[in-house]
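Participant: next one to model:
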Amino acid sequence: MEKHTLNTNQTMNALVYTNTQEIVYRREPLPELRQGDVLLNVTASAICGSDMHAYHGKDSRRIPPLILGHEVSGTVVNGRFAGQQMVVNPLMSCGECSYCVGGQSNLCFDRELIGMYLAGAFADQVAISERNLLPLPQGMSPIHAALTEPTATALHAVMLVERALIRPLSEASCLVLGGGAIGLLTALILKAKGCQNIDIAETNSLRKQSIENINCARCFNPMTEKLPRAEGYHVVLDCVGSGATRYTASEAIRPGGIISLLGLQDDKEGLDTRKITLQEVSVLGSYCYTQADMRAAIQMLFNKQLGDLSWLQVRPLSHGGQAFKDLHEGKVAAAKIVLQPDNLM
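Facilitator: Coordinates of the predicted model:
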């Protein structure tokens, strides 16, 4: 049984981003606790697209050496929740500004994210503000719980789209650009909300096959196939965020439709602003999630509204470097790799 005590060795195992396309598994000092922080024994931490962005040397905010990782569940070591299994909301806000008190904590000017400037969760332990802990429902898999953060990201975007639509989402045709975790979760959420016409654009053949096996949407390769709906889509959700996907979004949207921008791959041009104006297309930015989104995401995952999540792949933390390499080389069919400390495997 796992002991919920402080590590007396003063070091821990961690996966450290040390340089472009370089991840090292090594001993690192324990996390430093700031006022209001608690320590968490990590049970599961998932690799995010933003972690890959850093790995490729394309994120100026994530400076090596750095422990990446912010999609995490674990057991609290100290404080009033000691011994309890929790999901981490990795986005820490001030809790006092107009955005925080108005339900838009994701827009707080003083927000911080573990795995960006602060040490992240690809380690045996991670520090987090105690108020950023969310309890797991009894019996929930901590591995599934590690998907709460990307699920909340997708759920937040879909919620904004629902708010802007004139007709119900169930009547809309939707195109999801990108079949990674955010794209796949977005499609699963759309399906759970009754949407019947969902297409996913994905260029990786392994991932494309995996999506087809899940049977949540029609999947096509935009590099070799035409858009399945020649008449256009009511909603296009760009879960990649590149110049190429913004161009595709502009091409695929129908008059009066909604383009939702989730991905942050680059800041190149791509949107057809003339078409957007002439055809009254709405463009929505969607950034992260709120605490309410996180709570709703936990319940969706626990209630299996998004399926059994059998498309996940779990690997030991010590094999994390190879996991990053495999993702970089497109050798992974799974939309999400979850890492676990070796003593839990």
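Participant: distance of the most centrally placed residue in the chain from Leu30?
Facilitator: If you average the C-alpha coordinates of the chain and look for the closest C-alpha using CA atoms, centre = their mean, you land on Pro150, 2.7 Å from that point. As for Pro150, its distance to Leu30 is 27 Å (criterion: CB to CB, to the nearest Å). Placement of C-beta: from N, CA and C, glycine included.
Participant: and what of Lys58?
Facilitator: 30 Å.
Participant: cool, and Ser93?
Facilitator: Applying CB to CB, the value for Ser93 to Leu30 is 25 Å.
Participant: shouldn't Ala201 be in contact with Tyr247?
Facilitator: No - the pair Ala201 and Tyr247 does not pass the contact test of CB atoms under 8 Å, sitting 11.9 Å apart.
Participant: tell me which of the two has more neighbours.
Facilitator: Looking at Ala201 and Tyr247 with other CB atoms under 10 Å, you find the greater number of neighbours at Ala201, namely 27 against 15.
Participant: excluding its backbone neighbours, what's nearest the more buried one?
Facilitator: Ranked by CB to CB, 6 or more residues apart in numbering and with sequence neighbours excluded, the top spatial neighbour of Ala201 is Pro222, at 4.4 Å.
Participant: identify the residues contacting the residue lying closest to Asn89 once chain neighbours are set aside.
Facilitator: Spatial nearest neighbour of Asn89, chain neighbours left out: Asn132 (4.4 Å); criterion: CB to CB, 6+ apart. For Asn132, the set of contacting residues under the criterion of CB atoms under 8 Å, 6 or more residues apart in numbering consists of 88-92.
Participant: in the helix or strand that the residue nearest to the centre of the chain is a member of, what counts as buried?
Facilitator: Secondary-structure assignment from DSSP states H and E places Pro150 in helix 148-164. Taking 16 or more other CB atoms under 10 Å as the neighbour-count basis, helix 148-164 is seen to contain the buried residues 148-161.
Participant: relative to helix 148-164, how tilted is whatever helix or strand Arg295 lives in?
Facilitator: Using DSSP H and E, Arg295 sits in helix 291-302. When axes from the mean of the first three to the mean of the last three CA atoms, to 10 degrees is applied, the directions of helix 291-302 and helix 148-164 differ by 110 degrees.
Participant: who are the packing partners of helix 291-302?
Facilitator: For helix 291-302, the elements it packs on are strand 133-135, helix 142-145, helix 148-164, judged by 3 or more CB pairs under 8 Å, 6 or more residues apart in numbering; DSSP states H and E.
Participant: mind listing the strands the helix or strand following that helix pairs with, and their directions?
Facilitator: Going down the chain from helix 291-302, the next helix or strand is strand 312-316, by DSSP H and E. Strand 312-316 pairs in its sheet with strand 336-340 (parallel), by DSSP bridges.
Participant: shaky segments in this protein?
Facilitator: By pLDDT under 70, the weakly predicted segments of the chain are 1-9.
Participant: that one: helices as residue ranges?
Facilitator: Counting by DSSP state H, the chain forms helices over residues 49-55, 98-101, 142-145, 148-164, 181-192, 205-214, 243-252, 273-278, 291-302, 320-328, given from the N-terminal end onward.
Participant: which one of those lies closest to Met116?
Facilitator: helix 49-55 (8.2 Å; CB to CB).
Participant: and that closest one, what does it pack onto?
Facilitator: Other helices and strands packing on helix 49-55, by 3+ CB pairs under 8 Å, 6+ apart, are strand 11-19, helix 320-328.
Participant: how distant is the last one from the center of its chain?
Facilitator: So that's helix 320-328. Put simply, helix 320-328 sits 17 Å off its chain's centre (CA atoms, centre = their mean, to the nearest Å).
Participant: what's the answer for stretch 50-68, then?
Facilitator: 15 Å.
Participant: before we move on, what about stretch 109-116?
Facilitator: With CA atoms, centre = their mean as the basis, the distance from the averaged C-alpha position of stretch 109-116 to the chain average is 15 Å.
Participant: residue contacts, Glu212?
Facilitator: Cys219.
Participant: no no, Leu317
Facilitator: Shown in contact with Leu317 (CB under 8 Å, 6+ apart): 13, 15, 25, 45, 122-124, 339-342.
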